[in-house]
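Trainee: need a structure here:
(3 chains)
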Amino acid sequence: MGDRLSGVNDNVRPRLLLIDGHSMAFRAFFALPADKFTTSGGQHTNAVHGFVSMLANLIKNEQPTHVAVAFDAGSTTFRTERFPEYKGGRDATPEPFKGQVPLIREVLDALRITHYEREMIEADDILATWSSEAGSRGWEVLVCSGDRDSLQFVTDTVTVLYPVKGVSELARMTPDAVEAKYGVRPERYPDLAALVGESADNIPGVPKVGPKTAAKWLTQYGDLEGVLAHADEITGVAGQNLREHIDQVRLNRELNHLLTDLDLPYAPEDLEARPWDREAMHTIFDALQFRTLRDRLLAMMPAEERGDDDVVAGPSLELDAVAPGGLGAWLAARGGKHLGLEVRGRAVPGSGDADLLALGDADGHAVVVDLTEIEPADDAALGAWLADEDAPKFVHGGKARWHELQGRGYALRGVTLDTELAAYLCHPDQRTFDLEDLTIRSLHREIGAASPGGTQGSLDLDLDGDGGELTVLAERASILVPLGEALADDLADRSATKLLELLELPLADVLARMEDTGIAVDVDLLRELDAEFGEQARHAAEEAYAVIGREVNLGSPKQLQEVLFDQLDMPRTKKIKTGYTTDAAALTELFAKTQHPFLEHLLAHRDVTKLRQTVETLLRYVGPDGRIHTTFQQTVAATGRLSSADPNLQNIPIRTAAGRRIRRAFVVGDGYETLLTADYSQIEMRIMAHLSGDEGLIEAFRSGEDLHNYVASRVFGVATTDVSPAQRSKIKAMSYGLAYGLSAFGLSKQLGIEVGEAQKLMDDYFTRFGGVRTYLHEVVEAARATGYTETILGRRRYLPDLTSDNRQRREIAERVALNSPIQGSAADIIKIAMLEVRKELDARGLRSRLLLQVHDELVLEVAPGEFEEVEALLRAAMGGAAKLSVPLDVSVGTGPNWHDAGH
DNA sequence: GCTTAGACGTA
DNA sequence: CGTACGTCTAAGCG
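Mentor: So this is what the prediction gives:
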């Protein structure tokens, strides 16, 4: 443990840092823009950020041996009781500030810094007491406070750090500095303040007496008592005012006297700085989304402290020099035990490549292989090991490794643990799962720190000529073994082991193959569409310009706002950060009100440029094989869904006729007969029926009737044959909204009806399908109790905000809690189905293959002559993926392109 | 060159 | 004041 944070070294004079928590946090709050410091969940963090940043600077620059923070406990204190106007007239604490103080306390806890507050007492009194106690021990004391009253306890050994500008610049208030600024010694400062008053605390001073006059008097008569004793001698208006305000001045002096004799539960010795709690730091900084600040603090920790006291030092890394041809022996020596596998390369589906590969074992032995100049014997040994289902491997992001190795001609099998997938299952809401971060979090170790010889120093010999990349890669491979074991424990604690081993891990392989296969596109058709949409966009733009008499950038919301609300002075739409929205819903409403032709052209332009943009993005991604290879992201969606990126093939238009033309460009590839799509109909409603056990809803699905018709007939009390289209669509909107936590307000907005009518619709709905309401309530309450929701496969999502004091955050969490089990269970089911489809296709030796997954839909490419068998196995796999209390209905379509294969 | 906001496509 | 995503452009930052 380093001296800095280890507390008293007998030879070193203790240095105590004391901080007025509220006053500094409040300064930070006003110094930093609230909108720039907000988590994705909407929690303001500007005060926390400013405070912690200041704290980090202080610790770094001042190197205190002891640290403590005092907070104000509430608005009533012994001072307000004595003088009710004290600190009166202040504006209410701003809403965005509240709630940040508990977060600051959490950070302090993680840093193991003592913080204290007491009813009726102000932070300054606590600091004054500690300061006085420490001063009497001969310690050096630094007091960080934005309250000028603290200047009274400045001495030769007690310095006040007073914020000048924000919280980044602190003035060192020594006795000389106080005298230079106020003209009196620190011990006389409260006398001066009593005369001058303090507007911030609503303490009136003597009129016409400012710091200069007060200092002059105090110098002349010694102290406040002297001044008051000679009040009669002072001439002029100021003297007259003083005589009239003597009582107020005495009261002021009484109020600004800070207590130094409190009986506190912590003596200065108890405030010794302690090693930080890394785990807690990660937790709170993750929640606050402070990445840089966390890194800054971590960097400040002495190297010896890196591992904390409860952490065993990691085994040193031994990079084995394996002679050409010796890789097989190296592997054999590992005796079939699991190894960490890392690869360097490009993980691009369909055109990946790998140049370096590293293997690491549990004993800290590692080997790095240059794949570009590998010996045939090593190549064979490595290829066999990689492809061996029974040679266990730990990887991080195995699907990407699969693509890299595939590009070099290696098959990858036998992955028994993927640290990225494991971490995702443990923390599905986390945005990234960098190996470096996981290592710090789970093992309290840092990659790069344990390299042989230490790669930290700039003087290291770069023997491999690779900037240390080889050793880092070897270290990454090595760390996978202990990291994998740690995560396996974590998974077991969360009952997620099977989810990894039986679902996500095998699915990664299925996805890798789908990505590698890609989907064929008709490039000529895409180019045609590009040109056509481009022409239509030009036309719409010209028409729009003609209407307003000038050319603006129709793609700029800012410029559009000028046109709509300044130039054309249209009714204002919904407020957004930058003014008023120009989104499609608002523009459509504006058009209904104004019939202004500009809006028509603008909307047409929007539609067609969006389509064109989609087409152009697709064209950019067509590979040399004439196919588009998306990447399915398996660790992104917190509910357990997949997402698709580079390009996103899960948001190809389907709702409009023009949009559907794009789907025609996704075609069956050479050597295949047709595309086949299969989708689950109303899977989320079926899951809702199953999970809620609502008899009415279950019967609706078993009846074989059209779901929305059936539900509408029950809600409106008419025969299924008499349900009007309007009734059906209302019910449809209501049913789908339920799973999202839709409110009567939201429903009314969507249907364009009164809130009262929407409320009645909801009431009628729940009269008939009460089990649904009960279920939705229970889901939220259960999640509040356990801290997480669960899908049918036990996939969890943690929702700490369910118990938040912040209503908005809490309500968002409640809607998430409603939706996650439903959306997540649907994701579970289709994932099971994909595994089954793949298994059956392989088992039967069929050439047909999975291409895409779009949440409730699978797209396959069917080889000649296999259609009937594939359709049957697909229906069986999808329909049998889960045993629910309602049937899983699958509808299948086929055709030469995605549009025609759809339904 | 980077990030953010607004907009909009899908389930 | 309905969930889950990805990606484009414009605009502001350095």
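
Trainee: and the helices in the stretch 451-600 of chain A, which stretches?
Mentor: Using DSSP state H, counting those that start in this stretch, the helices of the stretch 451-600 of chain A run over residues A:469-493, A:497-498, A:505-517, A:523-548, A:557-561, A:584-594, A:597-621.

Trainee: with the stretch 801-903 of chain A instead?
Mentor: With DSSP H, counting those that start in this stretch as the criterion, the stretch 801-903 of chain A has helices spanning A:807-843, A:867-879, A:898-901.

Trainee: for the last one, what is the distance to the chain centroid?
Mentor: Averaged C-alpha coordinates place helix A:898-901 at 37 Å from its chain's average position (CA atoms, centre = their mean, to the nearest Å).

Trainee: sorry, back to before: quick check: which of the helices of the stretch 801-903 of chain A is buried the most?
Mentor: Mean neighbour count (mean count of other CB atoms under 10 Å) peaks for helix A:898-901 among these, with a mean of 22. (Each C-beta comes from the backbone N, C-alpha and C, glycine too.)

Trainee: and the pLDDT at the closest residue to A:P506 other than its chain neighbours?
Mentor: Using CB to CB, 6 or more residues apart in numbering and skipping residues adjacent in sequence, the residue nearest A:P506 is A:L835, 5.6 Å away. As predicted, A:L835 sits at a pLDDT of 97.

Trainee: picking up where we left off before, make JSON lines out of the helices of the stretch 451-600 of chain A and add mean pLDDT and mean neighbour count.
Mentor: Below are the helices of the stretch 451-600 of chain A laid out as JSON lines (pLDDT from 0 to 100; neighbours: other CB atoms under 10 Å):
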{"stretch": "helix A:469-493", "mean pLDDT": "94", "mean neighbour count": "22"}
{"stretch": "helix A:497-498", "mean pLDDT": "97", "mean neighbour count": "14"}
{"stretch": "helix A:505-517", "mean pLDDT": "97", "mean neighbour count": "21"}
{"stretch": "helix A:523-548", "mean pLDDT": "94", "mean neighbour count": "16"}
{"stretch": "helix A:557-561", "mean pLDDT": "92", "mean neighbour count": "16"}
{"stretch": "helix A:584-594", "mean pLDDT": "92", "mean neighbour count": "15"}
{"stretch": "helix A:597-621", "mean pLDDT": "93", "mean neighbour count": "19"}
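
Trainee: got those as JSON lines, with distance to DNA strand C columns?
Mentor: Converted to JSON lines, those look like this (distance: least, CB to the nearest atom of the strand, whole Å):
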{"stretch": "helix A:469-493", "distance to DNA strand C": "20"}
{"stretch": "helix A:497-498", "distance to DNA strand C": "22"}
{"stretch": "helix A:505-517", "distance to DNA strand C": "13"}
{"stretch": "helix A:523-548", "distance to DNA strand C": "11"}
{"stretch": "helix A:557-561", "distance to DNA strand C": "4"}
{"stretch": "helix A:584-594", "distance to DNA strand C": "10"}
{"stretch": "helix A:597-621", "distance to DNA strand C": "4"}
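
Trainee: can you lay out these as CSV showing distance to A:G50?
Mentor: CSV is the format used below for the helices of the stretch 451-600 of chain A (distance: least, CB to CB, whole Å):
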stretch, distance to A:G50
helix A:469-493, 34
helix A:497-498, 43
helix A:505-517, 42
helix A:523-548, 45
helix A:557-561, 30
helix A:584-594, 36
helix A:597-621, 40
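
Trainee: which one of these lies closest to A:S724?
Mentor: Closest of the helices of the stretch 451-600 of chain A to A:S724 is helix A:584-594, at 23.4 Å (criterion: CB to CB).

Trainee: just how off-centre is the closest one within its chain?
Mentor: With CA atoms, centre = their mean as the basis, the mean position of helix A:584-594 lies at 34 Å from the chain mean.

Trainee: determine the angle, from 0 to 180 degrees, between it and helix A:597-621.
Mentor: 160 degrees (axes from the mean of the first three to the mean of the last three CA atoms, to 10 degrees).

Trainee: hey, C-alpha coordinates of helix A:584-594 in CSV?
Mentor: Extracted C-alpha coordinates of helix A:584-594, given in CSV (Å, rounded to 0.1, in the frame of the first residue of the first chain):
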residue,chain,number,x,y,z
ALA,A,584,-43.7,13.4,-39.4
ALA,A,585,-46.6,13.2,-36.9
ALA,A,586,-46.3,16.9,-36.2
LEU,A,587,-46.1,17.9,-39.8
THR,A,588,-49.1,15.7,-40.7
GLU,A,589,-51.1,17.4,-37.9
LEU,A,590,-49.9,20.8,-39.2
PHE,A,591,-51.0,20.0,-42.6
ALA,A,592,-54.4,19.0,-41.3
LYS,A,593,-54.6,22.4,-39.7
THR,A,594,-53.2,24.6,-42.4
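
Trainee: tell me the residue of chain A that sits nearest DNA strand C?
Mentor: A:G746 (2.4 Å; CB to the nearest atom of the strand).

Trainee: all strands for the stretch 1-150 of chain A, in order.
Mentor: A:15-20, A:66-70, A:114-116, A:140-144 (DSSP state E, counting those that start in this stretch).

Trainee: TSV for these, including distance to A:D522 and mean pLDDT?
Mentor: Below are the strands of the stretch 1-150 of chain A laid out as TSV (distance: least, CB to CB, whole Å; pLDDT from 0 to 100):
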stretch	distance to A:D522	mean pLDDT
strand A:15-20	67	95
strand A:66-70	66	96
strand A:114-116	66	94
strand A:140-144	68	94
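
Trainee: mind putting those strands into CSV with distance to A:L676?
Mentor: Shown next, in CSV, are the strands of the stretch 1-150 of chain A (distance: least, CB to CB, whole Å):
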stretch, distance to A:L676
strand A:15-20, 66
strand A:66-70, 65
strand A:114-116, 63
strand A:140-144, 69
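
Trainee: next, format these as JSON lines and append distance to DNA strand B and mean neighbour count.
Mentor: Formatted as JSON lines, the strands of the stretch 1-150 of chain A follow (distance: least, CB to the nearest atom of the strand, whole Å; neighbours: other CB atoms under 10 Å):
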{"stretch": "strand A:15-20", "distance to DNA strand B": "28", "mean neighbour count": "25"}
{"stretch": "strand A:66-70", "distance to DNA strand B": "29", "mean neighbour count": "27"}
{"stretch": "strand A:114-116", "distance to DNA strand B": "30", "mean neighbour count": "19"}
{"stretch": "strand A:140-144", "distance to DNA strand B": "29", "mean neighbour count": "24"}
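
Trainee: what's the closest of those strands to A:A354?
Mentor: That would be strand A:66-70 among the strands of the stretch 1-150 of chain A, by CB to CB, at 49.1 Å.

Trainee: near DNA strand C, which residues of the stretch 651-800 of chain A are found?
Mentor: Residues of the stretch 651-800 of chain A lying near DNA strand C by CB under 7 Å from any atom of the strand: A:651, A:733, A:736-737, A:740-743, A:745-746, A:749-750.

Trainee: go on, chain A?
Mentor: Residues of chain A lying near DNA strand C (CB under 7 Å from any atom of the strand): A:553, A:555-556, A:558-559, A:613, A:617, A:620, A:633, A:636-639, A:641, A:643-648, A:650-651, A:733, A:736-737, A:740-743, A:745-746, A:749-750, A:812, A:815-816, A:819-820, A:823.

Trainee: now for the residues of the stretch 651-800 of chain A next to DNA strand C: which two are most distant?
Mentor: Pairwise over these, using CB to CB, the maximum falls at A:N651 and A:F745, 27.5 Å.

Trainee: in the stretch 1-150 of chain A, where is pLDDT below threshold?
Mentor: A:1-11, A:33, A:35-36, A:40-41, A:83, A:85-92 (pLDDT under 70).

Trainee: and A:A200, what's its pLDDT?
Mentor: pLDDT at A:A200 comes out at 63.

Trainee: for A:A719, the count of nearby residues, please.
Mentor: Counted with other CB atoms under 10 Å, the neighbours of A:A719 add up to 8.

Trainee: again, but for A:H596
Mentor: Neighbours around A:H596, by other CB under 10 Å: 17.
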